[in-house]
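Visitor: mind looking at a prediction? Sequence and model below.
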Amino acid sequence: MTLEILTPEKKLYSGESSSVILPGVDGSFQLLDRHAPLISALGKGVIKFKTPTETKTLAISGGFAECLKNKVIVLVEG
């Protein structure tokens, strides 16, 4: 799936990912390839995602995530 992680100032990541673990406001959840459409608010925590070559983590203070047509867009604060 395609993953984009954006802040109001810049793009933090754009590329392929096989899975994304996000800190939802009611607990963490994982999105995998071909996940059903979803929109969710994010809380303070860590985003963990697998690229074709490595696993990356990114601390956030909140935001929103959308999954649609095998593309995940994550809008984050901080």
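Guide: Nice, I can see it. Bear in mind the structure is a predicted one, so any value in this text is a computation, not a measurement. Numbering: from 1, shown residues only.

Visitor: in the chain, where is pLDDT below threshold?
Guide: Applying pLDDT under 70 to the chain flags residues 78.

Visitor: go with 90
Guide: Within the chain, the segments meeting pLDDT under 90 span 77-78.

Visitor: roughly how far apart are the closest residue to T2 other than its chain neighbours and P8?
Guide: Of all residues not flanking T2 in the chain, K71 sits nearest, at 4.5 Å (Cβ to Cβ, 6 or more residues apart in numbering). All C-beta spots, glycine's among them, are computed from the backbone N, C-alpha and C. The gap separating K71 from P8 is 20 Å, by Cβ to Cβ, to the nearest Å.

Visitor: between these two, which one's more packed in?
Guide: Taking neighbours as other Cβ atoms under 10 Å, K71 and P8 compare with K71 leading, 11 against 7.

Visitor: bridging across strands, which residues link to the more buried one?
Guide: T2, L68 (DSSP bridges).

Visitor: that one reaches S14, doesn't it?
Guide: No. Here K71 does not reach S14: they are 10.6 Å apart, not a contact under Cβ atoms under 8 Å.
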